[in-house]
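1. Could you look at this predicted model? Sequence included:
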There are 2 protein chains.
Amino acid sequence: MEKTLMVQGMSCGHCKASVEGALKKLDGVSAAEVNLESSNVEITYDEAKVSLKNMKEAIEEQGYDVEA
Amino acid sequence: MEKTLMVQGMSCGHCKASVEGALKKLDGVSAAEVNLESSNVEITYDEAKVSLKNMKEAIEEQGYDVEA
């Protein structure tokens, strides 16, 4: 399954790496790609293994706000 | 000795940590503090041990441009 989340506060390559790294560490997430210009992250995941809540929490733990 | 260098491209806490960390690793640098709002870093160093050139290179290796 694919989903794009809007994320506030990502400003540079370090931010990109932090968010992508945190998501990819989750079991069930097979891909995560941050686009800094559009302030979002595209995630490919197995919804049987990982929930949207888990993914949002992983991003928030890195210090960024997830919209909706 | 103290010197403030203007650094371009530092945008977040990760950038701040990268630049400060790179400077503090240099022998002779006793303090380094990035101010993101004013795009600079204040460095306290022993000019007998470390040169301005060394410090600029350390910042540039992290991917940031140093002015003058």
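-> On my side now, so go ahead.
2. what sits against the nearest residue to A:G9 once chain neighbours are set aside?
-> Using C-beta to C-beta, 6 or more residues apart in numbering or on different chains and skipping residues adjacent in sequence, the residue nearest A:G9 is A:Y64, 4.7 Å away. All C-beta spots, glycine's among them, are computed from the backbone N, C-alpha and C. The contact partners of A:Y64, by C-beta atoms under 8 Å, 6 or more residues apart in numbering or on different chains, come to A:7-10, A:15, A:19.
3. same thing with A:M10?
-> A:16, A:19, A:34, A:36, A:39, A:64.
4. Wait, a strand at A:G63?
-> No: counting by DSSP: H, G, I helix; E, B strand; the rest coil, A:G63 is not part of a strand but coil.
5. Distance of it relative to chain B?
-> To chain B, A:G63 is 7 Å away according to C-beta to the nearest C-beta, to the nearest Å.
6. Look at that residue and say how many residues are nearby.
-> 14 (other C-beta atoms under 10 Å in any protein chain shown).
7. which two in the contacts of A:M10 are spaced the farthest apart?
-> Farthest-apart pair in the contacts of A:M10 is A:L36 and A:Y64; separation 11.8 Å (C-beta to C-beta).
8. so what sits against both of those two?
-> Both A:L36 and A:Y64 are in contact with A:10, A:15, where contact means C-beta under 8 Å, 6+ apart.
9. Show me which of the contacts of A:Y64 are buried.
-> Buried residues within the contacts of A:Y64, counting neighbours by 16 or more other C-beta atoms under 10 Å in any protein chain shown: A:7, A:10, A:15, A:19.
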